[in-house]
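[1] need a structure here:
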Amino acid sequence: MRGPAGRPSLGGTDVRSVYRSGTRHVTGVATVYVLRGERQGLRVAVAAGRRLGSAVSRNRIRRRLNEAFRRVEKELRFGADIVLVAKSGAEAAPFDSLLVELRKALLDAGLLAYDGIRNGSNSN
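    Residues are numbered from 1 along each chain as shown. So this is what the prediction gives:
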C-alpha cells in the first residue's frame with residue numbers, strides 16, 4: 001500500500017491496526033478507515049484490490065484517490081492514520097465526485113474543519 005507523494009505511508013502492521021481499531025466510513029468510490037490518536041501527523045495508505053482490474057487500472061485508481069486526498073488534506077484539522085480502500089466505481093467516477101465522496105467520509109470521521117460539502121458544493 002502506498003500513500004500520497006511526500007506523505008508518510010502506513011506499513012502493514014499499522015494498516016491492520018487502523019482496520020481493527022479505526023472507524024469505517026463507506027462511500028460510493030472508497031471505504032475510508034480512520035484511526036485518530038495522539039499523533040499530530042497524518043499517515044495515509046491507498047489500497048486497490050485485484051478484483052478492480054489489471055495493474056494499470058489499479059494504479060490509475062490509486063493515483064486518482066491520492067490526488068483527491070492531496071486536494072482535501074489541507075482542510076483536515078486533526079492528525080490521523082487513514083486507509084482508503086478503492087471500490088469498483090472509483091476508476092470511472094468523475095474526479096469532482098471523488099472529491100465530494102472523500103470529503104463526506106472525512107467529515108463523518110470528524111476530520112474536516114468545516115461542513116461546506118454537505119450540499120454537494122465543491123471549493124476547488
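
[2] check contacts around residue 49.
    58, 85-86 (C-beta atoms under 8 Å, 6 or more residues apart in numbering). Bear in mind the C-beta positions are built from the backbone N, C-alpha and C, glycine included.

[3] in strands only, show me those.
    Here DSSP state E is the test, and the contacts of residue 49 give 85-86 as lying in strands.

[4] could I get the contacts of residue 49 as JSON lines with pLDDT?
    What follows is those, written out as JSON lines (pLDDT from 0 to 100):
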{"residue": "58", "pLDDT": "94"}
{"residue": "85", "pLDDT": "94"}
{"residue": "86", "pLDDT": "95"}
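
[5] just curious, which of the contacts of residue 49 is nearest to residue 40?
    residue 85 (24.6 Å; C-beta to C-beta).

[6] and that closest one, what is it in contact with?
    Neighbours of residue 85 in contact, by C-beta under 8 Å, 6+ apart: 30-33, 47-49.

[7] distance to residue 37 added to the contacts of residue 49, as CSV?
    CSV is the format used below for the contacts of residue 49 (distance: C-beta to C-beta, whole Å):
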residue, distance to residue 37
58, 29
85, 20
86, 24
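
[8] and which of the contacts of residue 49 is nearest residue 42?
    residue 85 (17.4 Å).

[9] quick one: residue 91 and residue 63 touch, right?
    No - Residue 91 lies out of contact with residue 63 (C-beta atoms under 8 Å); the separation is 10.3 Å.
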